[in-house]
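J.: A predicted structure for the sequence below; I have some questions about it.
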Amino acid sequence: MPPPPPSTTSSPAFTVICLLHSAIAITCGACMMFYMTDLYTFGHGTETAQKLLGSTPHDQLLIRTSDSFSGLLLFAIGFLLLMVAFVRDRDFHSFFAKGCTVLHVFMGLWRCYFERRVEDLAWDWLRQTVGDVVLALSWVFFLVYSWREKYD
């Protein structure tokens, strides 16, 4: 049996990166849905967490609902990444990696320009931006690896 054409073989690096990003997204999404109060307290301290959770019952309900939907979206993105991890098309791998890189870069820019202006989150934007850059770099490293693999 002849080997499959090069564009339909799967890259193990793509699968590993997708699985790692999927695990991160599913874990963070689940934590956002069920443990957001604890995460606010752990990440920002008790005083800031109380401000971020709202002052009236109506505000608290809106914030909890928003956090739950954000967590559900992140959880769904994690499952999407889990499914995409097993796609065998190298052209799709490259396209997907470029899209994820752009997405993480835009998220970092959003944090730099808007989140740092929020008084209660002003000290936290740098740490989250570094996280976005690291996640984007994982996709860039995959692209470099796949170009090297393609042209060697």
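T.: Ah, there it is. Bear in mind that the values here come from a model prediction, so they are computed numbers and not experimental data.
J.: Look at residue 98 and say how many residues are nearby.
T.: 13 (other Cβ atoms under 10 Å). No exception for glycine: its C-beta is placed from N, CA and C like everyone else's.
J.: can you give me the offset of the helix or strand of the chain with the lowest mean pLDDT from its chain's centre?
T.: Lowest by mean pLDDT, DSSP states H and E among the helices and strands of the chain is helix 46-52, with a mean of 82. Computed by Cα atoms, centre = their mean, to the nearest Å, the separation of helix 46-52 from the middle of its chain amounts to 24 Å.
J.: And for it, what's in contact with it?
T.: Under the criterion Cβ atoms under 8 Å, 6 or more residues apart in numbering, residues 37, 40-41, 44, 63, 120 lie in contact with helix 46-52.
J.: Restricted to buried residues, select those in PyMOL.
T.: Buried subset of these, written as a PyMOL selection, criterion 16 or more other Cβ atoms under 10 Å:
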select buried, resi 37+40+41+44+63
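J.: Looking at the contacts of helix 46-52, which one is closest to residue 28?
T.: Distances from residue 28 to the contacts of helix 46-52, taken as Cβ to Cβ, are shortest for residue 40 (13.6 Å).
J.: And that closest one, how close does it get to residue 16?
T.: 32 Å (Cβ to Cβ, to the nearest Å).
J.: if we can go back for a sec, state the next helix or strand along the chain beyond the least confident helix or strand of the chain.
T.: helix 57-84 (DSSP states H and E).
J.: What residues sit buried inside stretch 100-112?
T.: 100-101, 104-105, 107-108, 111.
J.: The residue most central in space within the chain: what's its closest spatial neighbour, skipping adjacent residues?
T.: For the chain, the residue nearest the mean C-alpha position is residue 25 (5.8 Å; Cα atoms, centre = their mean). Distances taken as Cβ to Cβ, 6 or more residues apart in numbering place residue 78 nearest to residue 25, at 3.3 Å, with adjacent residues excluded.
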